[in-house]
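# model the following, please.
(one chain, ligands or ions: 2)
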Amino acid sequence: MLAELLAAWIGRQRWFGGKGRPIDELSIDSDVELTPGLRHLIVAVWQDGSRDRYQLLLGERSHQLPDRLTHALIATVDDTYLYDAAHDSDRTGWLLEGMARDETRSGLRMRHVAGTEIDTTQRSLVLGAEQSNTSLVYGDAYICKLFRRLIPGVNPELEIITALAAGNAPHIAQPYGWIETDLDGTDTTLAFMQEFLSNANDGWDLALTSVRDLYASPPEIKAAEAGGDFAGESERLGIATAQVHRELAAAFPIEVIETHEVKRMAETFRRRLGRAVAEVPELRPHVSAVEHVYHEMELLTTEVPVQRVHGDYHLGQVMRTPTDWVVLDFEGEPGQPLAERRALSSPLRDVAGMLRSFDYAARHLLAGRPEADELEPRAQEWADRNRHAFLDGYMEGGGVINRADAALLRAFELSKAVYEVVYEARNRPTWVSIPLAAFRPRAQL
Ligand SMILES: Nc1ncnc2c1ncn2[C@@H]1O[C@H](COP(=O)(O)OP(=O)(O)O)[C@@H](O)[C@H]1O
Ligand SMILES: O=P(O)(O)O[C@H]1O[C@H](CO)[C@@H](O[C@H]2O[C@H](CO)[C@@H](O)[C@H](O)[C@H]2O)[C@H](O)[C@H]1O
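Ligands and ions are numbered 1, 2, ... in the order given. Next comes the predicted model:
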C-alpha cells in the first residue's frame, strides 16, 4: 500500500530522474525508523526493465499537517499524514544529532568529521533550487546535501572534500559530517554536510551582473572600461583553480598517460559525439570540424599528466566569499557512471569547463532575443576578456598550459560543448543555441 502511494508521488518530484516514463513498480528496499514520526526509506523504482534507487525521509503526523508542510504531502492514510520530511524542520534536526553522536541505525551510519563539533540546535530549510538532489540549509551554519538517486559507492564530493580539508586546503567549504549505508555490499554515501557560505555569491550570478552591466552601457564602452568589469575576478578564479588542482594532485595519485591512451580518449570523445548527434541533429553540420579537432589532439598530444579533477567545472560551482573563491560540488558530471567520475583526468578538462562557462555567461542573456545579433560582438568581447584573464590567473597560480596543450584544451572544450548541447536539449531546450555557438569558427585562445 505505501509502495503504491510512493509510486504515484515520486514521478512528480523535481529530483526524480525517470520523468516522462511510466513507473512499472516501486518496492521498499529499506525502511528504518530514525525517531518517532521520521523514517528513512530506500526505494527501488522499475521503469522499462531497469531499476533506480532513491532515498526518502518519510514523515508521519496524526490528525493534522501544518500549512507549511502541505506542499510536501505524499498521501493521507486514515488519520495519518505521510509527507516528505526533508521539508520538516521539526524533524530534520535529528540528522544533526545523529551525525554529532555518530549514530548507527539498522545499517544507516551517521558520522561527523573528526575534530569538528556540530551545533544540533540549527533548524533547516530546503534550498530553493531543488534539482537532482535536495539540500538542507541549517541556519547559516551548514548545508547538507541528500543524494536522491543512489549510486553504490563513496560519493566523490565526500572523498575529495575530506581529503582536501585534511590538508587545510583554503578554497573549499569545510566538511562536517555524512550519512552512509551499504548498498549492494558497497559503502554508499547518502548525505554530505558542509559549512554553509552564508555571505558568498554564486560565480554565475556575479558574471551575469557584469554582462548585464556591459549590455546596458553605451555601445562605445569596451568590456575593460565598463563599471562591472569581471576580469579581476576571473583572474583570481584562475589562481584559485590552479591551487585546487595542486592540492588534488598532492592528495590523490597522479599518472602520465601516453600516446595509445590519448587515442583511447579521442575515441571516447568520438563515441560521445556520435551519440550526441543521434540525439540532437543540430550538431550534424559541425561533426567534421569537431572530428578534425579530435584528430589534431591525437596527432599533437603525446603525454598527458592526469590526476583527480573537479570534472564538471563551471561558474555555478564556484562561490565568491568576501575574501576568496571557493569551489563546490566535486561530484563530476551528473549522469556519468561513478568509475568515470572518479577517473584520473587532465586538469585542462576543468580549465576547458570554465572557459565554456564564460561563453555561456556572455551569451545566455541573448538566447532567443531579437537584439542577439547586434550584441553578439559585445558577448564575444566579454567572453574573450574573461577567458584570457582566467587563463592568465591559472598560470600565475602555477597551473601549467604549454604550447602543446592548446590542441588538448580545444578538444576538451568541444567535448564539453557536445555534452552541453545534449544537457540543454534534455533540460532547457531554449538554451541549446548557447553551446551550439561554440562550434562556430573563432580565433583560438
Ligand atoms: N557550502 C555552500 N554554501 C553556500 N551555498 C552553497 C554551498 N553549497 C552549495 N550551495 C548553493 O547550492 C547550489 C547548488 O549546489 P551544488 O553543490 O552545485 O548542488 P547540485 O549538485 O544539486 O547542483 C550552489 O549553486 C550554491 O548556490
Ligand atoms: O551544476 P551541475 O552539477 O548540476 O551541472 C549540470 O548543470 C549545469 C547547469 O546548471 C550545466 O552547466 C551549464 O550551464 C551553466 C549555466 O547554468 C554554465 O555555466 C555551464 O558552463 C554549462 O556547462 C552543467 O554542464 C551540468 O553538468
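# and stretch 276-284, how far apart are its ends?
Separation of the first and last residues of stretch 276-284 by CA to CA, to the nearest Å is 9 Å.
# residues of it that come out buried?
With burial defined by 16 or more other CB atoms under 10 Å, the residues of stretch 276-284 counted as buried are Ala276, Val277, Val280, Leu283. (Glycine included, C-beta is placed from N, CA and C.)
# which helix or which strand is home to Gly177?
strand 175-183 (DSSP states H and E).
# pull out the buried residues from that strand.
Pro175, Tyr176, Gly177, Trp178, Ile179, Glu180, Thr181, Leu183.
# helices or strands up against it?
In terms of contacts (3 or more CB pairs under 8 Å, 6 or more residues apart in numbering; DSSP states H and E), strand 175-183 is packed against helix 89-100, strand 108-112, helix 156-166, strand 186-195.
# need the ones you listed in TSV with mean pLDDT and mean neighbour count, can you?
Formatted as TSV, the helices and strands packed on strand 175-183 follow (pLDDT from 0 to 100; neighbours: other CB atoms under 10 Å):
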stretch	mean pLDDT	mean neighbour count
helix 89-100	97	21
strand 108-112	98	20
helix 156-166	96	20
strand 186-195	97	21
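# now, the most widely separated pair of the buried residues of stretch 276-284?
By the measure CB to CB, Val277 and Val280 form the most distant pair in these, at 7.0 Å.
# closest one to ligand 2 among the helices and strands packed on strand 175-183?
helix 156-166 (10.2 Å; CB to the nearest ligand atom).
# I'd guessed Ala223 sits against Glu381; true?
Yes - applying CB atoms under 8 Å, one finds Ala223 in contact with Glu381, separated by 5.1 Å.
# go ahead and confirm Ala389 touches Glu235.
Yes - the pair Ala389 / Glu235 is scored as a contact, 4.4 Å apart, by CB under 8 Å.
# show me the contacts for the residue most central in space within the chain.
Among the residues of the chain, Asp329 comes closest to the average C-alpha position under CA atoms, centre = their mean, at 5.2 Å. By CB atoms under 8 Å, 6 or more residues apart in numbering, Asp329 lies in contact with Glu157, His310, Asp312, Gln317.
# repeat that for Gln194.
Tyr142, Ile143, Cys144, Ile161, Ala173, Gln174, Pro175, Tyr176.
# what's around the nearest residue to Ala224 once chain neighbours are set aside, how many residues?
Excluding its sequence neighbours, the residue lying closest to Ala224 (CB to CB, 6 or more residues apart in numbering) is Arg385, at 6.5 Å. Neighbourhood size, Arg385 [other CB atoms under 10 Å]: 20.
# check Tyr394 too.
Tyr394, neighbours per other CB under 10 Å, totals 27.
# likewise Ser27?
Neighbours around Ser27, by other CB under 10 Å: 14.
# for the one 3 residues further on, same thing?
Look at Ser30: counted by other CB under 10 Å, it has 18 neighbours.
# surely it and Leu41 touch.
Yes - the criterion here is CB under 8 Å, and Ser30 meets it with Leu41 at 6.7 Å.
# quick one: secondary structure of Ala207?
Here Ala207 takes the helix state, with states given by DSSP: H, G, I helix; E, B strand; the rest coil.
# I'd like to know how far it sits from ligand 2.
8 Å (CB to the nearest ligand atom, to the nearest Å).
# show the pLDDT at the residue lying closest to that residue once chain neighbours are set aside.
Closest residue to Ala207 apart from its sequence neighbours, by CB to CB, 6+ apart: Ala361 at 4.0 Å. Looking at Ala361, its pLDDT is 97.
# just checking, Ala361 touches Leu206?
No - if you go by CB under 8 Å, Ala361 and Leu206 don't touch, sitting 9.2 Å apart.
# any common contacting residues for the two?
Common neighbours of Ala361 and Leu206 are listed as Leu315 (criterion: CB under 8 Å, 6+ apart).
# return the set of buried residues in the longest strand along the chain.
Across the chain, the longest stretch assigned as strand under DSSP state E is strand 50-62. For strand 50-62, a neighbour-count test (16+ other CB under 10 Å) marks Asp52, Arg53, Tyr54, Gln55, Leu56, Leu57, Leu58, Gly59, Glu60, Arg61 as buried.
# dump that strand to PDB, keeping only the CA atoms.
Extracted C-alpha coordinates of strand 50-62, given in PDB (Å, rounded to 0.1, in the frame of the first residue of the first chain):
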ATOM      1  CA  SER A  50      15.800  -1.000 -15.400                       C
ATOM      2  CA  ARG A  51      16.000  -0.100 -11.700                       C
ATOM      3  CA  ASP A  52      17.000   3.100 -10.000                       C
ATOM      4  CA  ARG A  53      17.100   3.500  -6.200                       C
ATOM      5  CA  TYR A  54      16.100   6.700  -4.300                       C
ATOM      6  CA  GLN A  55      16.200   7.700  -0.700                       C
ATOM      7  CA  LEU A  56      13.300   9.500   1.100                       C
ATOM      8  CA  LEU A  57      12.800  10.900   4.600                       C
ATOM      9  CA  LEU A  58       9.200   9.900   5.300                       C
ATOM     10  CA  GLY A  59       7.400  12.000   7.900                       C
ATOM     11  CA  GLU A  60       4.200  10.800   9.700                       C
ATOM     12  CA  ARG A  61       1.900  13.100  11.600                       C
ATOM     13  CA  SER A  62      -1.500  12.300  13.000                       C
END
